[in-house]
Structure formats: structure tokens, C-alpha cells
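Visitor: structure for the following, please:
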Amino acid sequence: MITDVQQLSGLQKVAIVFSVLGENLALTLIKDLSKTEIRKIRATLQELPPVSFAVKKRVFEEFYFNFVSDKFQESDEDTPKKPFDFLNQLTDEQLISLLVAEEPRVAAIALAQVSPEKKTMVVDRMAPDMKARVLIELGNIQDVPLEGIVSVAQTLEEKSHFLPRTVSFSRGGAKEIADVLAALPPEEEEKFLSTLAKENPKLAQEVKKYHLMFDDIFELFPDNILRDLMNSVDLDTIALAMKGLPEDLVQRVIGNLPQKKQAMYEPVEGPVLKREVDKARKVIVQQAREMEKEGAFKLEDLASGGEMIE
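Guide: Purely as a prediction, here's the structure:
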């Protein structure tokens, strides 16, 4: 039995493809073969010793990624175009839109062609039952006939031509509202969110996934993130921002400072203008937003109750 693909000649590999697909189907995929070449393939197939499943699978992978992809080459291109190349031309939102409505097996075949990051992104947007079925299908793609994979590529590419060009417009929504709120003074920010919560509670909840306010820091941030945040802000700014907060929150912040900073911390005594306190708090919020941009945390996960492990 042949157990190493390196033992096979090119002719033997084609013979294996013929044996699995059948001659008629193979000839529809492998075109322009002369009668002499077909006779050689038939003779090679008759003389071919048993071949392990792993080797057959490897041959099919080579055939799929190298030989079949040539059939998708456009006449005005010098380099071959692989069947699923079009997926790499789609934006993240277009890719999600294309695949979440497909049958699990179709979605799985397409997802197998993209990067792990894009794979995770699309699966995360699927309904729980769909997600489970797609993951199962991802493990069974080797059972799909080659002609089925080619058909999926052709069908999805045709559908992709009708996807909207999301780069040309903005659809608004919670993220857009959050971006506007981030630039407002604290008083206007709170007033708007209060009104939104009354008139459209669902949208207000969505906005909170993208918009961070000072009070959210204590409600959403676990101690490890709070510690990193406060350690990146000037001690005087922290003291001013703590003005008027409940003692338990002040002690939580102090407790997450390094011992040297804890010893140096002094509360701000006497009356202070509200705008000065708001300004200090805004500095802390802006620093938290910078941390999110750098990947220290994801506000959407915290606001959605995503599990955190310290």
C-alpha cells in the first residue's frame, strides 16, 4: 500500500482523482486531455497498488488548490485565480452577510478558506444552533466531493456580486452615536443618554457597548483593568476625579494603586468646581478608551457581561 504521497508520480495522482470521481466526472473537470493521455491514465489506474486514505486526501488537496484553481483563471490574468479568492476581496461585514444565511455545510466550506480571525468573526455572528452545526461541518469537509466544493465557490462568488458596498456609506446605529457622545461635555452626554434610555431603552443598551462613561469604570472594570488604568494616570488627576465619590469606590481605586502611590495619595479638600472634577474624570475616561484601542479590553464584552478571568 502507498502511504507516502512522495511515492506517486504526477500521472498516478491524476489516476487517483479519476478513481475517486469516476472517469466521466473527472473529464468534465480535467479538460483538454488527449485520447492518448486518457489511455495512459486508465492503464496507470489498473496498475496502481492500494493507496491509503491519507494519501488520497493529500492528492485531492493538491488537485483542488493547484489544478482545479487553474480553471478559474481569467483570460486577462497572468496568474491563476483560486476558486475562493473572491472571499479575500470582501469586507468583514460583506463576508458575514454572505455566509450567515447559508446552509451550515456551505458556510463551513467557505470558512475553511479564510483566516482564523475571519473565521471566528463570522461564527460569532451566527445564532447558537447555526454556530454549532457549522463547527461540526468544519470537521467533516473532507467528506464533501470535489465537485461540490467547486460548485459552492461558483455559487457564492455569484452571490457576492450582489452584496452592498458598505464602504460607501454609514448605517449609523449604536457605534455612530457612541462616537458623537465621546466628544460631548459630560452634562450633555448624561442628558442625552438619560433621554435615550427613556425613549429607546434597547438602543441605549446597545450604545453602552461602545460608549464608556466615568461611572462605567467602577461598574464594568475588574480590578486588573482598573489597576492598569489608574496606574497610567497622574495621581493628582485621580485625586480630583475621586472628589464626591462614595468612600467604597475611592478605597477601591486606592487599593489598586502601587504601595508607593497609595502612600502619596492625598484627597482633595474643600469645595471644587464641578467642571474641574468633570475634566479630571474625562482624562481618565479618555485613557481607558486608549487602552481599549490598544487591545487591553473590549468594552462590548464587558458591557455584555462577558466572563473575565484574572
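Visitor: burial measure for V14, as a count.
Guide: 22 (other C-beta atoms under 10 Å). Yep, even glycine has a C-beta here, placed from its N, CA and C like the rest.
Visitor: now it. Nearest residue, chain neighbours left out?
Guide: Using C-beta to C-beta, 6 or more residues apart in numbering and skipping the chain neighbours, the partner closest in space to V14 is I41 (5.6 Å).
Visitor: now swap in V55 and tell me
Guide: Take V55 and drop its neighbours on the chain: the residue closest to it by C-beta to C-beta, 6+ apart is V5, 5.1 Å away.
Visitor: likewise for M121?
Guide: Nearest residue to M121, sequence neighbours excluded (C-beta to C-beta, 6+ apart): D92, at 6.1 Å.
Visitor: ok, now how distant is that neighbour from L11?
Guide: Counting by C-beta to C-beta, to the nearest Å, the separation of D92 from L11 is 43 Å.
Visitor: repeat that for Y210.
Guide: When Y210 is compared with L11 (using C-beta to C-beta), they lie 59 Å apart.
Visitor: if I pick A241, what's in contact with it?
Guide: Neighbour list for A241: 214, 277, 280-281, 283-284 [criterion: C-beta atoms under 8 Å, 6 or more residues apart in numbering].
Visitor: just the closest of those to K243, please.
Guide: K243 has its nearest neighbour among the contacts of A241 in V277, at 4.9 Å by C-beta to C-beta.
Visitor: quick one, domains of the chain?
Guide: What automatic domain parsing lists as the domains of the chain is 5-70, 85-164, 212-303.
Visitor: rebuild these as CSV, extending it with distance to K202 and mean pLDDT.
Guide: Listed next are the domains of the chain as CSV, based on distance: least, C-beta to C-beta, whole Å; pLDDT from 0 to 100:
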stretch, distance to K202, mean pLDDT
domain 5-70, 46, 77
domain 85-164, 18, 85
domain 212-303, 14, 90
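Visitor: now distance to L184 too, for these, in CSV please.
Guide: Below are the domains of the chain laid out as CSV (distance: least, C-beta to C-beta, whole Å):
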stretch, distance to L184
domain 5-70, 52
domain 85-164, 27
domain 212-303, 10
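Visitor: re earlier: which one's more surrounded, Y210 and L11?
Guide: Comparing Y210 with L11 by other C-beta under 10 Å, the one with more neighbours is Y210, at 19 against 15.
Visitor: chain neighbours aside, what residue packs nearest to the more buried one?
Guide: Closest residue in space to Y210, ignoring its immediate chain neighbours: A178 at 3.7 Å, by C-beta to C-beta, 6+ apart.
Visitor: assumed that neighbour was part of a helix.
Guide: Yes. Under DSSP: H, G, I helix; E, B strand; the rest coil, A178 sits within a helix.
Visitor: what sits against it?
Guide: By C-beta under 8 Å, 6+ apart, A178 lies in contact with 207, 210-211.
Visitor: between these, which is nearest L163?
Guide: Distance ranking of the contacts of A178 against L163, using C-beta to C-beta, places Y210 first at 24.4 Å.
Visitor: my guess is that closest one contacts D301. True?
Guide: No. Look at Y210 against D301 with C-beta atoms under 8 Å: they stay out of range, at 11.6 Å.
Visitor: closest one to P186 among the domains of the chain?
Guide: domain 212-303 (4.5 Å).
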